[in-house]
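# pasting the structure only:
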Ligand SMILES: Nc1ncnc2c1ncn2[C@@H]1O[C@H](COP(=O)(O)OP(=O)(O)O)[C@@H](O)[C@H]1O
Ligand SMILES: [Mg+2]
């Protein structure tokens, strides 16, 4: 082997030394390729592993934490939910439609691999500004790709988020979340066991797709990104639907000892993970792998990332049943090898051994790095925000209209109307409210789902920003009437080899951990995506949180919209002079500065408890958390759906007018209450030591906000709503 | 009464129709695998919504050749009730059991949203229980729901009262703005000449329970039930 | 072997929203001389068949039965040796 | 005027799920001699342009910029007088 052999595959000289040491000899080309993909950041988590271990991962309801294809949480009645979020950022930057489609396809496979029936998907997206033609193309195609795959496979996409910010111009983020439902005694794991048992590869045939895709995902996007592209993987939702049905039929009726989907690093990853988790070896004959193209080499077959494939281990007496089921669904299935005793992955082709590697050396023994970490210099400048230098708002009407037209705040209908969010007829709260709510057939229960991350906050203060991402996700679930259970996370950052970026990463993980502990929502799994950079610029650090909540009685769900005129509008939680990191500062003063709003986790818990209790007691007609754009934007959003206006009166109590109207102080929830229940709500808030302010009443065709007796905002709803609704469609026209 | 829900490879919303019949209508229901060559013992067949065969080539184009479709055609010829919902409607047109064709929405996008339907003919087994002036709120979810029929076919459809639903405003006015996909004459659902085969792009099984936002779609199924009860007498 | 190259377009008179959208985008990109854009499907079917007449009959049949929908589409095809 | 007849197919090696599904259906219908089916796009762009060389350059440019996706698709075209 020569230096360029391993260096061109992304391995360092030290890593190559580790490989020869582990093998006790030089690797051959095939083996080198296997190490290169398995030791890539994407598969090995070599830069993040040590930090990820600090996440709280245990809880009464957690049945499966990190380490498997997806996490699993107990929801009672013998049922469990299985969920996970994953990134497909780099493929989507190069081929947005297929990149997004196969991202969704991949996360769906992770869910049914565990034995769960996928019931819903969400997606978290970040793009540059829509004024840029290339960004518009990416945005249109990514959304179409998710729609194309999700709608065709019949899994409703019920929610998600989308933000636009210059930091994502060259490197968009596409994170896909999927959740499935299963009986809790039917969990399947990705383990190989039972010496001599057959190993089967099922689903699509293997082509030359995406060879070195995992390595591609572990580098920055350079100018040559388009040339480096491995053969693009094309999603086949039809094939995956058949695979899904066949696998679930098999799992529900036959004994499957281990099952694992093929994703990044293809067969190599699936084989080594299954063997390593099971503490076994595998003897695999590549001549048995059904190939789509002629003359594929061992190297290509082992590294191809062709989609819609699964690997499984069954007892010998089940082998025939597997082939029969897959044949009936019109799918390939091939016995490609056996489980062996010696913990070695031994790969044959044309009657000769082409690779012989200890399974653990590819997985467990991958290098673990503890990269240097330095507080970024930019924080010196960004953290200084002198509000004295910024004139207070003079035309609040205009400021509100301006904010409602910001794509990150405006209606996302253009996105979600392309998704079939009603498939499976379980969607109780559709996209457009704080969280999606699904009913669980055969029970009274419901699930609430959300993904959240305000990455501007994380940029300005990774610790607090990441805490807020968790708190906001929980708040969204609570506003929908659900008790938050657990999270999965997708940590999107720049290059971990840059100390400033690694500092952001560590701070963010610490912040998330603290918030997860306080809110009792353990981390059950997730995904790390590094190297999200293009040119000199890294994206804003974006630790996306996907959170799942439970409603014991789905009839008790709640949405953000005002339901009737004459209700009282009450604000729970306190407002401070906090404009740092706000959308208002960015939009009206072109400033990304200051520290994000403070988060007091005890207060957060108290507000959430108050609102959840109030919803369960039937006190509320609506609940909406305050986020980007603050109180004024939240009020407007509550008015839009049913076109019910509101008239409220505020007092500054020494606050700036802009902070009062547009500041983003945390732990605040806006609710509407029928008159006869107002007292009960105020009492409940008082009991929990949550400040509650009765601001006014719903009704009319205008949104009117008086401050200290002066009308500051008076907008016809029709006008405000049109501005908010048309913003994204207009930009995309 | 007994429903059959046909399952093609890649059928996605078969479960929606099945659950509706079982849990909401409380009638008996069975899945019918696309390889079946006979369908017996059923009172109504549903071709479900969503996708089939990945919607490849054209929606419904590959499903229409499944062996079960000959049996479905025979069942229809003998007067059996056949209901094609969304993708089911597409399959029925591809199979020639209903006139016209469905192609790409003029917006070129998939659209999932509530639609409002004006009922044009209340004198069919599928619509008899719908109060004539009632506007139905039923969601659509399709990328290829743009109904086309040539002028001569359209004339016949009108003359025979085969146009059953048209997209309208919430107040029941049939306007271009209420048309979500470009369908000729705002057509949302049509039936065959003898009125026992109905295809519609809006999905009533998604609007048959208040919990899901509307129960208007259930009127179609109660109509079917009433018709069946009367036929039995 | 013979390969049928099949071009499918929407019938004249059936609105072609895709073609129209592309037409608009092209003029937005500054192409002033575009008269019309139509968008349809292109299929290649390779047959283990040497006889052109037999192949032609077969392709026509496959097009009518499955590959195109006569209510909205027209097609033409050519056979080439491969 | 010149009309560009543009045929677009997925690159060799890129999975063509539609083509594969159609292939299976055709054999299920009894066509035993099908070797391969590929499904792509067909476009007709009519230009107010007499000069073939200019038209060719323009069509190539339009294909690269808008009409096709170079990452996964290949195209060919012919110009015909209309
Ligand atoms: N950010 C994270 N937080 C918690 N667990 C994580 C995180 N990232 C990865 N993990 C866990 O590490 C394991 C490997 O992740 P991954 O490689 O993404 O799985 P897959 O093989 O399904 O792609 C998974 O169990 C995952 O849940
Ligand atoms: Mg996995």
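All right, it came through fine. Predicted, not measured: the structure shown is a model, and the values here were computed from it. Ligands and ions are numbered 1, 2, ... in the order given.
# please enumerate residues in contact with the helix ranked longest in chain B?
When chain B is parsed with DSSP state H, its longest helix is helix B:218-232. For helix B:218-232, the external contacting residues (C-beta atoms under 8 Å, 6 or more residues apart in numbering or on different chains) are B:1, B:20-21, B:24-25, B:27, B:43-44, B:81, B:83, B:124-130, B:134, B:136, B:204, B:207-209. Using the backbone N, CA and C atoms, a C-beta is placed for each residue, glycine as well.
# in it, what's buried?
B:218, B:219, B:220, B:221, B:223, B:224, B:225, B:227, B:228 (16 or more other C-beta atoms under 10 Å in any protein chain shown).
# ok so, going back, buried among the contacts of helix B:218-232? Make that a PyMOL selection.
Once 16+ other C-beta under 10 Å is used to decide burial, the buried members of the contacts of helix B:218-232 can be selected in PyMOL as follows:
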select buried, chain B and resi 1+20+21+24+25+27+43+44+81+83+124+125+126+127+128+129+130+136+204+207+208+209
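# would you mind measuring from residue C:23 to chain B?
Look at residue C:23 and chain B: by C-beta to the nearest C-beta, to the nearest Å, they are 13 Å apart.
# show me where chain B has strands.
Assignment of strands within chain B using DSSP state E yields the ranges B:2-7, B:28-33, B:44-47, B:81-85, B:101-103, B:111-119, B:135-142, B:146-148, B:163-168, B:187-191, B:197-200.
# what's the angle between the first one and helix B:218-232?
This means strand B:2-7. Relative orientation of strand B:2-7 and helix B:218-232, computed by axes from the mean of the first three to the mean of the last three C-alpha atoms, to 10 degrees: 130 degrees.
# identify all contacting residues around strand B:2-7.
B:14, B:17-18, B:21, B:27-34, B:39, B:41-48, B:68, B:72, B:88.
# looking at the stretch 551-700 of chain A, which residue is nearest ligand 2?
For the stretch 551-700 of chain A, the residue closest to ligand 2 is residue A:551, as judged by C-beta to the ion, at 28.7 Å.
# doesn't residue A:659 make contact with residue A:650?
No. Residue A:650 is beyond contact range of residue A:659, at 11.3 Å (criterion: C-beta atoms under 8 Å).
# now do the shared contacts for these two.
Shared contacts of residue A:650 and residue A:659, counting by C-beta under 8 Å, 6+ apart, come down to nothing at all.
# quick one: pLDDT of whichever residue of the stretch 501-650 of chain A sits closest to chain C?
Residue nearest to chain C within the stretch 501-650 of chain A (C-beta to the nearest C-beta): residue A:534, separated by 24.5 Å. If you check residue A:534, the pLDDT there is 88.
# need the helix or strand of chain C with the lowest average pLDDT.
Between all helices and strands in chain C, the lowest mean by mean pLDDT, DSSP states H and E belongs to helix C:17-28, at a mean of 94.
# how far does that helix sit from the chain's center?
Relative to its chain's centre, helix C:17-28 lies at 19 Å (C-alpha atoms, centre = their mean, to the nearest Å).
# check stretch B:66-80 too.
Between the centre of stretch B:66-80 and the centre of its host chain there is 16 Å, according to C-alpha atoms, centre = their mean.
# residues contacting it, please?
Contacts of stretch B:66-80 with the rest of the structure, by C-beta under 8 Å, 6+ apart, involve B:6, B:8, B:32-39, B:42-45, B:47, B:63, B:82, B:91, B:95, B:97, B:192, B:194, B:196-197.
# show me what contacts residue A:261?
Remark: with contacts taken as C-beta under 8 Å, 6+ apart, residue A:261 is in contact with A:69, A:106, A:109, A:110, A:113, A:270, A:309, A:310, A:311.
# let's see 6 Å
The contact partners of residue A:261, taken as C-beta atoms under 6 Å, 6 or more residues apart in numbering or on different chains, are A:109, A:110, A:113, A:310.
# out of the residues you listed, which are buried?
By the neighbour-count criterion of 16+ other C-beta under 10 Å, these include these buried positions: A:109, A:110, A:113, A:310.
# show me what contacts the second one?
To tie it back to what came earlier, the one meant is residue A:110. Residues near residue A:110 by C-beta under 6 Å, 6+ apart: A:69, A:70, A:84, A:261.
# from the residues you listed, which is closest to ligand 2?
In terms of C-beta to the ion, no member of those lies closer to ligand 2 than residue A:69, at 3.8 Å.
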